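Student: Following is a predicted model, sequence given first.
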Amino acid sequence: MSRALPRPTESELMILRVIWQFGPCTVRQVVDQLEPGTGYTTVLKLLQIMTEKGLVIRNDSERTHVFAAAQPEHVTQRQLVDDLMTRAFGGSTQKLVLQALAGKKPSRTEIAELRQLLKSLESHAP
């Protein structure tokens with residue numbers, strides 16, 4: 001079983017979202033996708049920290065280093081949701097989902113997808 005990676009901070013998640021969207025990126029490519037005013041050295045430092053934490057992998061075979069996410073987006077999202085469910089909802093999937101749905105009304109498409117997911121879960125339930 002693979003060990004869980006540390007939870008990314010909000011700033012680290014912003015960087016990860018860029019990498020997940022565009023694929024492996026240089027520091028400059030990440031900076032160009034973030035809000036104006038985000039400094040190159042700030043992003044570089046965050047990517048160095050993220051490399052040490054195991055959130056990104058640095059390819060330094062070229063002069064310009066390229067950073068890739070260590071895990072796919074869905075794996076990180078799953079870890080974050082599992083952590084939230086444990087800490088805030090005592091491990092209750094029901095409480096987590098009810099609070100998520102109460103906070104923002106889902107679209108018709110989202111409701112249809114939720115129904116399909118529930119049908120799938122019911123068909124595989126013991």
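Tutor: Ah, there it is. Numbering: from 1, shown residues only.
Student: hmm, which helix or strand of this structure has the shakiest average pLDDT?
Tutor: When the helices and strands of the chain are scored by mean pLDDT, DSSP states H and E, helix 93-103 comes last with a mean of 89.
Student: Residue ranges in the chain under the pLDDT threshold?
Tutor: 1-4 (pLDDT under 70).
Student: could you pull out the helices for it?
Tutor: 10-22, 27-33, 40-53, 73-89, 93-103, 108-124 (DSSP state H).
Student: Counting neighbours, which bits of the second one end up buried?
Tutor: Of the residues in helix 27-33, Val27, Gln29, Val30, Val31, Gln33 count as buried by neighbour count, 16 or more other Cβ atoms under 10 Å. Yep, even glycine has a C-beta here, placed from its N, CA and C like the rest.
Student: Next one: the closest residue to Val18 other than its chain neighbours from His74, what distance?
Tutor: Nearest non-adjacent residue to Val18, counting by Cβ to Cβ, 6 or more residues apart in numbering: Gln33, 4.5 Å away. Distance, Gln33 to His74, using Cβ to Cβ, to the nearest Å: 20 Å.
Student: same check, this time on Val81
Tutor: Between Val81 and His74 the distance is 10 Å, computed by Cβ to Cβ.
Student: how long is stretch 19-27 end to end?
Tutor: Taking Cα to Cα, to the nearest Å, the first and last residues of stretch 19-27 lie 10 Å apart.
Student: Sorry, slip of the keys, the one I care about is stretch 49-65.
Tutor: Stretch 49-65 stretches 14 Å from its first residue to its last (Cα to Cα).
Student: any residues touching that stretch, and which ones?
Tutor: Identification of contacts with stretch 49-65 by Cβ atoms under 8 Å, 6 or more residues apart in numbering yields 5-6, 8, 12, 15-16, 19, 24, 26-28, 47, 66-71.
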